[in-house]
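Q: Here is the input, now give the coordinates:
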Amino acid sequence: MQFLKLFTPVFIAIFLILSDYKFSYLDNLKQSIAKLISPIYLVVNLPSQLYIWIDEQGTTKQTLLNQNKQLNGELTRLKANLQTHNALLLENQKLKQLLGASYQISSQKFILGRVSSVSQSRLKKQII
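A: Numbers count the residues shown, from 1 in each chain. Below you'll find the predicted structure:
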C-alpha cells in the first residue's frame, strides 16, 4: 500500500512527461494553466521583488553618501593646493619686481664683452 501511494504520482508524472515529449498534445493545456497561474506567481514574487528594490535603493543612497564624502575630501585638498599655488604666484611676482628693480641699468656708460674661448691648460688660465 505504501508502495502505491509513493510511486503512483511518480509513474503518472513520468507518463505525462514522455507523452508530452512525443505527441505535444498538452501544449494548449500548459498555456491555459500558465495564464491562470501567472497572477498568483506575481503576487507570490512581489515580496522578494520589493526586498530587492528596497535593498538597491538603500545601497544607492549609501553609495551616494560615500561618494559625496570622497568628493568633499578631494575638494578640500584641491582648495588647499589652489591656495598654495596662488601664494607661490604672488611670491613669484614679488620676486620678479625685486629682480627688475635691481637690474635697472643706470645712465653710466659701459662696454659689453663676450667670452670667445677659455684655455683648458692646467698651467695657464686665460679667458679671451
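Q: Check the offset of the helix of greatest length in the chain from the chain's centre.
A: Secondary structure of the chain per DSSP state H: the longest helix is helix 27-102. Between the centre of helix 27-102 and the centre of its chain there are 9 Å (C-alpha atoms, centre = their mean, to the nearest Å).
Q: going forward can the numbers begin at 627, since that is how I track them
A: Yes, from this point I'll number from 627; that puts the last item at helix 653-728.
Q: Which elements pack onto it?
A: Helices and strands touching helix 653-728, by 3 or more C-beta pairs under 8 Å, 6 or more residues apart in numbering; DSSP states H and E: there are none. Quick note: C-beta positions are derived from backbone N, CA and C, even for glycine.
Q: Point out where this protein drops to low pLDDT.
A: Per-residue confidence for the chain (pLDDT under 70) gives these ranges: 727-742, 744-746, 748-754.
Q: Swap in 90 and give it another go.
A: 627-632, 642-656, 681-690, 719-754 (pLDDT under 90).
Q: quick one: the spatially most central residue of it from residue 631, how far?
A: For the chain, the residue nearest the mean C-alpha position is residue 693 (9.9 Å; C-alpha atoms, centre = their mean). For residue 693, the distance to residue 631 equals 61 Å [C-beta to C-beta, to the nearest Å].
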